[in-house]
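Trainee: Got a predicted model here, sequence first, then my questions.
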Amino acid sequence: MKNEEIAALNELLKGLYMGIHAYDHFMEKAKDSDLKQKFQTIQYEIREQALRIVERVQDLGGTPVETAGLIGAFQDYLVKLRVPNEDGQIIQKAIEGEQLGIEMTEKMVRGDLSAESERVVREVLDQDRSHVDKLRAMIGQTV
């Protein structure tokens, strides 16, 4: 089970790296400085999540991945091409990305985690859900 647990956590880690890169693209395109700051805050929190997962993989005796991998690089390229130019639409893209990440994480780690790893992943998912709430609140503020 330990190898499956490490593999699941490393897949989650790849997804977090993709999220970090996606927020780079969102900040690059966003026009409003307050929006860029809010995106930076979310990106910082995702970096902290990644560090917690790295530590957990190491605690299990595994080697954490350091990149999103080949598929992640391709998806990063696609995200960069598809980021809209309007702030409201960028926020909507961020919401969609967060929701997809939540869904994928829930499926990916189902049944493959120890109690401690599940606790860490639940914290990540709770924070991701909080990001969705914050992003939804931002939509009304950009016009």
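Mentor: Okay, I see it. Residues are numbered from 1 along each chain as shown.
Trainee: Any stretches of the protein with poor pLDDT?
Mentor: 1, 68-83, 141-143 (pLDDT under 70).
Trainee: Could you pull out the helices in it for me?
Mentor: 2-29, 33-59, 69-82, 87-108, 115-139 (DSSP state H).
Trainee: Return the angle between stretch directions for the second one and helix 2-29.
Mentor: I take that to be helix 33-59. In terms of direction (axes from the mean of the first three to the mean of the last three Cα atoms, to 10 degrees), helix 33-59 departs from helix 2-29 by 160 degrees.
Trainee: distance between helix 33-59 and the chain's centre?
Mentor: Distance, stretch centre to chain centre, for helix 33-59: 8 Å (Cα atoms, centre = their mean, to the nearest Å).
Trainee: Kindly report the same for stretch 6-22.
Mentor: In this view, stretch 6-22 has its centroid 7 Å away from the chain centroid, taken as Cα atoms, centre = their mean.
Trainee: Show me the contact partners of that stretch.
Mentor: Applying Cβ atoms under 8 Å, 6 or more residues apart in numbering, the external contacts of stretch 6-22 come out as 43, 46-47, 49-50, 53-54, 56-57, 60-62, 64-65, 67-69, 71-72, 75-76, 79, 94, 97-98, 101, 104-105, 108-109, 112-113, 117, 121, 124. No exception for glycine: its C-beta is placed from N, CA and C like everyone else's.
Trainee: related to what we said a few turns ago, most packed of the helices of the chain?
Mentor: Of all the helices of the chain, helix 2-29 has the most neighbours on average by mean count of other Cβ atoms under 10 Å, namely a mean of 20.
Trainee: quick one, that one and helix 115-139 angle?
Mentor: 20 degrees.
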